[in-house]
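Trainee: Sequence and computational prediction follow.
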Amino acid sequence: MSESDAARPAAVTFRDALVFWLKLGFISFGGPAGQIAVMHQELVERRRWISERRFLHALNYCMLLPGPEAQQLATYMGWLMHGARGGIAAGALFVLPSLVLLIVLSWIYMMWGDTPTVTGLLYGIKPAVTAIVLFAAWRIGLRVLHNETLWAITAAAFIAIYVLAVPFPAIILAAAAIGFVGGRLAPGKFASGASHAATAKSFGPALIDDDTPTPAHARFRLPGLVLVCAIGLLLWIASLGAIALWQGWDGTLTRMGWFFTKAALLTFGGAYAVLPYVVQGAVQEFHWLTPAQMIDGLALGETTPGPLIMVVAFVGFVGAWAHGTGGPDALVPAGIAGALVATWFTFLPSFLFIFAGAPLIETTHRQPALTAPLTAITAAVVGVIANLALYFALHVFWPGGMQAGVDWASVLIAAAAAVALIRFNAGIIPVILACGAAGLAIHAVRIYGSG
């Protein structure tokens, strides 16, 4: 390393940080792993705004939280550098481009979703989404399912949600209880993989280095914790109360606010883990959208930057549009309101978790000791995601029901996507584009062939 490289970087202005967080919002493709890798490359390796060890320490905390860990990590980094305004800017800009894109795509979908071009593209993307969900279960399973105990938890979770229709929150709570007890009786059965911090290395002096004192705004104070919790609770009560005064407690947007708050508190394991809960509520309980629309929404979510959980914006848009929130002459404003409500109540807890918990984490610089319950939860999540893959497969491969026969073209597209993802480690975006093109071609052949 040269002498210039070894010099500590200059202080970063809030304006420069804003530009970076906005850029990150537009390039954060590839799911949580890809988004975290981009942040590591930019913040640790290239810009050296924070050291490897401090970055991984923050990541370890975010991995323990419910909610989208990549967005929470961005919020943590912004908060550590520039206080509350930095955290708000980083977290909000991380999802803003995705929110705008999904609102536009949702509008196009509701207006022209039945046109041949859109129908053909979605025909190919839906099997790809089924393969992507299966790939997520496979990838998480490789990381966590190291023994028969964890496999048993996975199998039990699958049976509970698929056969017995046990609510997703109950499965998560049961898995946490099993991990809590099992971690004390047989800790070896619930051991996780290597710690992130174990691989920490140096890329040169950083602006916030290993030995850099915790900034004044990031030091833990009990009054500060109480204030943050009070502000978060007041924001939640005020926003949900305002919607209830407008629409009533049984209004669609009011139900969405309460539902997505619960979803935000149950997203251990990432977006793929909470999707079954969203399906249970949005599709099966409230009927905001159909199973086919849910699959389409996930397909659109996979093609936009930002966390995959942003699919809630599509759910909110379609649900508010379909239920005529605001009347038949205000479908677009209703859809936008639904997307904003879903996004607000999904991400508000994430900001609260960072602003409330990060000061305490900064005082420890050690990995939190919640390994066993979280390992059990992750094992259960594998079973839940496998159920989601089966749920999607049933609707994609048998679009007309079992009695109508299997759609073999969809099966072949899904199989090709699965092979590309698992065997050749292809990127999600190229797989979606290729499957969309295949679907468009098959749909065109069917139209012109029948004509």
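Mentor: Arrived safely, thanks for sending.
Trainee: mind showing which ranges of this structure have poor pLDDT?
Mentor: Within the chain, the ranges that satisfy pLDDT under 70 run 1-6, 29-34, 60, 192-202, 267-272, 324-326, 364-371, 449-451.
Trainee: Quick check: what element follows the helix or strand hosting residue 229 along the chain?
Mentor: Under the criterion of DSSP states H and E, residue 229 resides in helix 222-247. Counting by DSSP H and E, the element after helix 222-247 in chain order, helix or strand, is helix 252-264.
Trainee: for the stretch 251-400 of the chain, what spans make up the helices?
Mentor: According to DSSP state H, counting those that start in this stretch, the stretch 251-400 of the chain carries its helices in the segments 252-264, 271-278, 291-302, 311-322, 331-362, 371-397.
Trainee: and the first one with helix 271-278, angle?
Mentor: On the basis of axes from the mean of the first three to the mean of the last three C-alpha atoms, to 10 degrees, helix 252-264 is oriented at 140 degrees to helix 271-278.
Trainee: who touches helix 252-264?
Mentor: Helix 252-264 is contacted from outside by 66-67, 169, 236, 239-240, 243-244, 246-248, 274, 277-278, 281-282, 286, 288, 312, 316, 319-320, 323, 325, 337-338, 341-342, 344-350, using C-beta atoms under 8 Å, 6 or more residues apart in numbering. Yep, even glycine has a C-beta here, placed from its N, CA and C like the rest.
Trainee: What are the buried residues along that helix?
Mentor: Buried residues in helix 252-264, defined by neighbour count with 16 or more other C-beta atoms under 10 Å: 252-257, 259-261, 263-264.
Trainee: how about JSON lines for the residues you listed, with distance to residue 91 added?
Mentor: Shown next, in JSON lines, are the buried residues of helix 252-264 (distance: C-beta to C-beta, whole Å):
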{"residue": "252", "distance to residue 91": "26"}
{"residue": "253", "distance to residue 91": "23"}
{"residue": "254", "distance to residue 91": "25"}
{"residue": "255", "distance to residue 91": "25"}
{"residue": "256", "distance to residue 91": "21"}
{"residue": "257", "distance to residue 91": "19"}
{"residue": "259", "distance to residue 91": "21"}
{"residue": "260", "distance to residue 91": "16"}
{"residue": "261", "distance to residue 91": "17"}
{"residue": "263", "distance to residue 91": "17"}
{"residue": "264", "distance to residue 91": "13"}
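Trainee: Give me the next element, helix or strand, following the longest helix belonging to the chain.
Mentor: Looking across the chain with DSSP state H, the single longest helix is helix 69-112. Downstream of helix 69-112, the next assigned helix or strand under DSSP H and E is helix 116-144.
Trainee: other SSEs contacting the helix or strand immediately after that following helix in the chain?
Mentor: Heading C-terminal from helix 116-144, the first helix or strand you meet, by DSSP H and E, is helix 148-162. Judged by 3 or more C-beta pairs under 8 Å, 6 or more residues apart in numbering; DSSP states H and E, the packing partners of helix 148-162 are helix 168-185, helix 371-397.
Trainee: now helix 148-162, how far from the chain's geometric center?
Mentor: Mean C-alpha position of helix 148-162 versus that of the full chain (C-alpha atoms, centre = their mean, to the nearest Å) differs by 22 Å.
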